[in-house]
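Visitor: Here you go, sequence then predicted model.
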Amino acid sequence: MSEVRPEESTETAGSAELPVKPVLTAKQANRAKAPVVGMLLAVGLTLAVLLPVMFLNPGSKPDVYKRNIDVPGVALQAESTAGYLPLAVDLPDGWTSNYARWNTGGTAQVPAWEVGYLTPGGEYIGLVQTDKANPTWIGQTTDYAPVTGDRKAGASWELRDAGKGERSLVLERGDVTVILSGTAELDEFDVLATAVAKELDRK
């Protein structure tokens, strides 16, 4: 019968290594938590700053874009620069103007009076008036839309409509050219066009 030596038995038992679980010290655990705590503090401070600002400064309301500019007043201011009194037409209730300005012409070299109107239907029509129009400028202002007919609205307006996007009405009377362009329906164009023609008749 073979003998079992004590040293052999000890080696066999030690050859099977047991898994060792890593243990963090208290300092190591604190170091591991530090970035997370710092990030949470930073987020909290950011929210503490932003939330009061958001509550004090509410988002823009639709009414902001429906402001009504004093077109006659701006037209009077532009008269000396333009050399004529720019159009400031009377329109029914429900029409508002969100801008009125004198454009010196820039690279196009065609100075013009510009007014933006919001219709009762919530659409937009821009009015442009100049006494220095040329075919190139008219084409640019109407996005080179083709002439598709005439529109009777206080006068005979040339209708330019590409079938999508904006359409335009063009009126040339003496030295004055007026272009109406926008997304509104033609019956709303007619209201503005009639008011323009009536105002030109007074001059």
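Guide: On my side now, so go ahead. Numbers count the residues shown, from 1 in each chain.

Visitor: residues touching the closest residue to Ala133 other than its chain neighbours, list them.
Guide: Spatially, and ignoring its direct neighbours in sequence, Ala133 is nearest to Thr177 (3.7 Å; C-beta to C-beta, 6 or more residues apart in numbering). The C-beta positions use only the backbone N, C-alpha and C, and glycine is treated the same way. Listed by C-beta atoms under 8 Å, 6 or more residues apart in numbering, the contact set of Thr177 reads Gln129, Thr130, Asp131, Ala133, Ile138, Val170, Leu171.

Visitor: And Val145, how close does it get to Asp93?
Guide: That one is not Val; residue 145 is Ala. According to C-beta to C-beta, to the nearest Å, Ala145 stands 31 Å off from Asp93.

Visitor: Comparing those two, which residue is more hemmed in?
Guide: When Ala145 is set against Asp93 and neighbours are counted by other C-beta atoms under 10 Å, the residue ahead is Ala145, at 19 against 6.

Visitor: quick one: contacts for the closest residue to Tyr124 other than its chain neighbours?
Guide: Taking C-beta to C-beta, 6+ apart as the measure, Tyr124 lies nearest to Gly182, with 4.7 Å between them; neighbours along the chain are not counted. Taking C-beta under 8 Å, 6+ apart as the definition of contact, the neighbours of Gly182 are Tyr117, Glu123, Tyr124, Ile125, Gly126, Glu166, Arg167, Phe189.

Visitor: Could you rerun that using 10 Å?
Guide: With contact taken as C-beta atoms under 10 Å, 6 or more residues apart in numbering, Gly182 is in contact with 116-119, 123-127, 165-169, 188-189, 192.

Visitor: For it, report the pLDDT, please.
Guide: Gly182 is assigned 98 on the pLDDT scale.

Visitor: And for Pro52?
Guide: At Pro52, the model reports a pLDDT of 53.

Visitor: Could you shift the numbering so residue one becomes 23, and keep it that way?
Guide: With the count now opening at 23, the last piece we talked about shows up as Pro74.

Visitor: which of the contacts of Thr199 tops the neighbour count?
Guide: Ranked by neighbour count (other C-beta under 10 Å), those have Thr152 at the top, with 25 neighbours.

Visitor: what is it paired to in the beta sheet?
Guide: Thr199 (DSSP bridges).

Visitor: That one and Asp115, how far apart?
Guide: Distance, Thr152 to Asp115, using C-beta to C-beta: 29 Å.

Visitor: Would you map the helices across the chain?
Guide: 28-37, 48-78, 93-104, 157-163, 208-224 (DSSP state H).

Visitor: Averaging pLDDT over each of those, report the lowest-scoring one.
Guide: Averaging pLDDT over each of these singles out helix 28-37 as the lowest, with a mean of 47.
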